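Enquirer: dropping the sequence and predicted coords here.
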Amino acid sequence: MGWSASDPIRRGWISEVQANVDELKGKERELQEAYVVLQASHEAHKSAQLQLIHVEKLESVGLLAAGVAHEVKNPLTTLLTGVQYLREFAPPEDDEGKQLLEDMWLAVKRADSVIKGLLDYSRARELFLKEENVNELVERTLQFVKHECDKRRIKVTRDFGQELPRVTMDGYKVQQVLVNLFTNATHAMSEGGSLTVRTTCRSVQPQAESPAGAHVGRDTDEMPSEVVVEVQDTGPGIPEESLTKIFDPFFTTKPTGQGTGLGLAVSRQIMEMHGGTLDIQNNESGVRARLVFRPVARGG
Amino acid sequence: MEDKKKILLVDDEESITRTLKLFLDRRGGFEVRTENRGSQAVRVARDFRPDLIVLDVVMPDSDGGAIAQDLGEDPELQSIPIIFLTAIIKEQEIGGHGKAIGGGVHTYLAKPVEPDVLISHIQERLGV
Ligand SMILES: Nc1ncnc2c1ncn2[C@@H]1O[C@H](COP(=O)(O)OP(=O)(O)OP(=O)(O)O)[C@@H](O)[C@H]1O
Ligand SMILES: [Mg+2]
């Protein structure tokens, strides 16, 4: 099926795409300006209390995200549908044209993921809680990066603890955290390497004042335990001077298009919403990220 | 084909209804009507009798939730499945799939939805 520029429907349609591209360009400029404003406000507040900065950033990103999302996602819908239409029903005959459509598809996807990142960071403060089997969740999530790992010759090793207690969480959000950690690891190992995911469960030392602690000495089955997920890579590690910044929103060392610098900021926020933690360290082999979930009662 | 399934697309952005219609027409199997005024959605549904409605959530003259409510109150229209398209929230935030509004259980998809994903949801809801 050839490309027929004379077909009035398609011609109209192509100018539609052009109009949308133009509109999107405008929006992108707005977004860039908003980024600049955001960064400036970030600088201005550096000296204020940490918590305060956090709240303010959340608010400014929140306003930005809500406004921009609606205005950008609609034109993206037209573009995505249009590109798919061309790919399927009016594919260009030459390789350049085909490549162009693929690039357009990826560009739309990328713009969408930036908006999604902003929404994630600023909103969705509620959790949709459900009991999850952590090993299954990790396994499912590893499937998302399988292709990337194969491509970069990264060996994936699973070191899953047995009989972990189920953890109450928002599985979708925790999956987002894992995807980001896996993605960071694969990006750090462009020349190949190994990605190890370890899940364990450890007993939490009872705190003297904790009412639950009273029983713990007598009945170890009731000792609360916490589930830990560790993601270890064999990449070059994180430079000392970056370590304090990696959780800042928009901190990235990746080229434009590869990273927005929201991954770890969102991830830590998600873990904190769950009453858990996320920390990241360099070690002998590379970088180790560790998620710790809120302790759960054993046998429950 | 004789008995094409009928789909009503309601979105205030003409570029969206036009491209989606073009795509659905081309894929075949559907008879598609579009409407850009949310306020007219129920009237058009009565007239067109779609097998499924794809409905934008945020429109200037009315919102998808209210339209679903109105459709749900009409005995002749309440069983029509609705696929909501939303630009301001992500699927997960509204509970994803299968949330009840008005009479029926409906599907939510976040814009920009991949056309193939939309089609597979349409087919699933139509049982084809
Ligand atoms: N495993 C890792 N090895 C080396 N550097 C890392 C690793 N994980 C994170 N970093 C550094 O931390 C920065 C911030 O990470 P973060 O996930 O927040 O953002 P990003 O990956 O750059 O972009 P995004 O996740 O939004 O796509 C990265 O740009 C990178 O410099
Ligand atoms: Mg990242």
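Expert: Good, I have the coordinates. Ligands and ions are numbered 1, 2, ... in the order given.
Enquirer: where is the longest helix in chain B?
Expert: helix B:14-27 (DSSP state H).
Enquirer: how far off centre is that helix?
Expert: Relative to its chain's centre, helix B:14-27 lies at 13 Å (Cα atoms, centre = their mean, to the nearest Å).
Enquirer: do that helix and chain A meet at all?
Expert: Yes - with Cβ under 8 Å from any Cβ of the partner chain as the criterion, chain A is reached by helix B:14-27 at B:Ser15, B:Ile16, B:Arg18, B:Thr19, B:Leu20, B:Leu22, B:Phe23, B:Arg26. Any C-beta I mention is one placed from the backbone N, CA and C, and that applies to glycine too.
Enquirer: so A:Gly259 makes contact with A:Thr252?
Expert: Yes - when contacts are counted by Cβ atoms under 8 Å, A:Gly259 is listed as touching A:Thr252 (4.1 Å).
Enquirer: in the longest helix of chain B, what's buried?
Expert: The neighbour-count check on helix B:14-27 (16 or more other Cβ atoms under 10 Å in any protein chain shown) flags B:Ser15, B:Ile16, B:Thr17, B:Arg18, B:Thr19, B:Leu20, B:Lys21, B:Leu22, B:Phe23, B:Leu24 as buried.
Enquirer: what residue in chain A comes nearest to ligand 1?
Expert: Of all residues in chain A, A:Gly263 sits closest to ligand 1, at 2.2 Å by Cβ to the nearest ligand atom.
Enquirer: which residue is the nearest non-sequential neighbour of that residue?
Expert: Closest residue to A:Gly263 apart from its sequence neighbours, by Cβ to Cβ, 6 or more residues apart in numbering or on different chains: A:Asn180 at 3.9 Å.
Enquirer: show me what from the stretch 201-300 of chain A comes close to ligand 1.
Expert: A:233, A:235, A:238, A:242, A:246, A:251-254, A:259-265, A:287 (Cβ under 6 Å from any ligand atom).
Enquirer: now the element after the helix or strand bottoming out on mean pLDDT in chain A, going C-ward?
Expert: Ranked by mean pLDDT, DSSP states H and E, the weakest helix or strand in chain A is helix A:213-216, scoring a mean of 44. Later in the chain than helix A:213-216, the nearest helix or strand by DSSP states H and E is strand A:225-232.
Enquirer: okay, B:Val105: pLDDT?
Expert: As predicted, B:Val105 sits at a pLDDT of 63.
Enquirer: picking that back up, ok, the buried residues of helix B:14-27 vs A:Leu195, which is closest?
Expert: Among those, B:Phe23 lies closest to A:Leu195 (Cβ to Cβ), at 38.4 Å.
Enquirer: pull up the gap between the closest one and ligand 2, please.
Expert: Computed as Cβ to the ion, to the nearest Å, the B:Phe23 to ligand 2 distance reads 33 Å.
Enquirer: thought A:Arg87 was touching that residue, still the case?
Expert: No - B:Phe23 lies out of contact with A:Arg87 (Cβ under 8 Å); the separation is 10.8 Å.
Enquirer: check which helices and strands the longest helix of chain B is in contact with.
Expert: Secondary-structure packing of helix B:14-27 (3 or more Cβ pairs under 8 Å, 6 or more residues apart in numbering or on different chains; DSSP states H and E): helix A:8-44, helix A:50-89, strand B:5-10, strand B:30-35, helix B:115-126.
Enquirer: tell me the residue of the stretch 151-300 of chain A that sits nearest chain B?
Expert: Here the residue of the stretch 151-300 of chain A nearest chain B is A:Tyr172; by Cβ to the nearest Cβ that distance is 4.9 Å.
Enquirer: quick check: angle from the one helix or strand B:Ile67 maps to to strand B:5-10?
Expert: Secondary structure assignment for B:Ile67, by DSSP H and E: helix B:64-73. Going by axes from the mean of the first three to the mean of the last three Cα atoms, to 10 degrees, helix B:64-73 is angled at 140 degrees with respect to strand B:5-10.
Enquirer: is the helix or strand just after helix B:64-73 up against chain A anywhere?
Expert: Next helix or strand after helix B:64-73 toward the C-terminus (DSSP H and E): strand B:82-86. Yes - residues of strand B:82-86 contacting chain A under Cβ under 8 Å from any Cβ: B:Leu85.
Enquirer: how much does strand B:82-86 deviate in direction from helix B:115-126?
Expert: Using the same axes, to 10 degrees, strand B:82-86 lies at 150 degrees relative to helix B:115-126.
Enquirer: okay but A:Ser267 is in contact with A:Thr183, surely?
Expert: No - under the criterion of Cβ under 8 Å, A:Ser267 makes no contact with A:Thr183, lying 10.6 Å away.
Enquirer: if anything else comes up later, I'll come back, but that's it for now.
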